[in-house]
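> Sequence first, then the predicted structure, then my questions.
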Amino acid sequence: MFRPTVGELLSGITDSLRESVMPAVSGGAAQRQLKAALHALGRLQRSWDRWPAYLEEDNEDIRQTLDAVLSDLSRELSTLPPPIEVITSQLKTRMSDLLPGAPCFNDRALSVAGARNLELQGLLVALDDWLRASGQAAQPAGKSRQQMLDRLYRRMTERELQAWAIQAEDD
């Protein structure tokens, strides 16, 4: 393991700024900006290593939910509408593996996971939009599908709050 870790470096920078620079900055915009930077550094220190697991779990959860809703639609409808056919096809084709990845990541695997997350979220939005626009959400089976998506959105929000160290963990 390399020492200091990213978390240790961020902690050292935060402590140094808080102990050396903060007392020298008296009020005003500079102090507010320093406090905001210290807060952001603290969140980064607590969250930098959570992102790979967050993206992996988020991607799998979105994919499973999309699979479940699309399978449910396939069982119900004799012919899938074109927008649903496109979503189904795109879910099977991992374009993110062919792309350079998401910007601002240095690690290739994390970059690809980020790109896949954006790709899956785009499919999720397209499916949700179609369900709402097609009137599916008003039907009993459609309400069940919408509830599946709503539960997914809640899980995604919880994961993001934990990944950004905004919400304290239960352990």
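Nice, I can see it. Numbering: from 1, shown residues only.
> Could you list the low-confidence segments of the protein?
For the chain, the stretches with pLDDT under 70 are 95-99, 167-171.
> repeat that for 50
Scanning the chain for pLDDT under 50 picks out 169-171.
> can you list the domain ranges for it.
6-47, 51-163 (automatic domain parsing).
> where exactly do the helices run in this structure?
6-16, 28-47, 51-76, 82-92, 108-133, 140-163 (DSSP state H).
> Buried residues in the third one, which are they?
Of all the residues in helix 51-76, those buried under the rule 16 or more other Cβ atoms under 10 Å are 51, 54-55, 58-59, 61-63, 65-66, 69-70, 73. Every C-beta, even on glycine, is put in place using the N, C-alpha and C of the backbone.
> would you turn the residues you listed into JSON lines with distance to residue 121?
Shown next, in JSON lines, are these (distance: Cβ to Cβ, whole Å):
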{"residue": "51", "distance to residue 121": "15"}
{"residue": "54", "distance to residue 121": "13"}
{"residue": "55", "distance to residue 121": "11"}
{"residue": "58", "distance to residue 121": "9"}
{"residue": "59", "distance to residue 121": "10"}
{"residue": "61", "distance to residue 121": "11"}
{"residue": "62", "distance to residue 121": "7"}
{"residue": "63", "distance to residue 121": "11"}
{"residue": "65", "distance to residue 121": "11"}
{"residue": "66", "distance to residue 121": "10"}
{"residue": "69", "distance to residue 121": "14"}
{"residue": "70", "distance to residue 121": "16"}
{"residue": "73", "distance to residue 121": "19"}
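> Most widely separated two among those residues?
Of all pairs drawn from these, the greatest distance, 32.2 Å, lies between 51 and 73 (Cβ to Cβ).
> give me phi/psi at residue 77?
Per-residue torsions, residue 77: phi -100, psi 140 (degrees, to the nearest 10).
> quick one: contacts for the residue nearest to it when sequence neighbours are not counted?
Leaving aside its sequence neighbours, residue 77 sits nearest to residue 84 (Cβ to Cβ, 6 or more residues apart in numbering; 7.9 Å). Counting by Cβ atoms under 8 Å, 6 or more residues apart in numbering, residue 84 makes contact with 70, 73, 77, 127, 130.
> Okay, the residue nearest to the last one when sequence neighbours are not counted and residue 63: tell me how far apart.
Translated: residue 130. In space, and not counting its chain neighbours, residue 130 is closest to residue 83: 4.9 Å by Cβ to Cβ, 6+ apart. Between residue 83 and residue 63 the distance is 18 Å, computed by Cβ to Cβ, to the nearest Å.
> next one: residue 88
12 Å.
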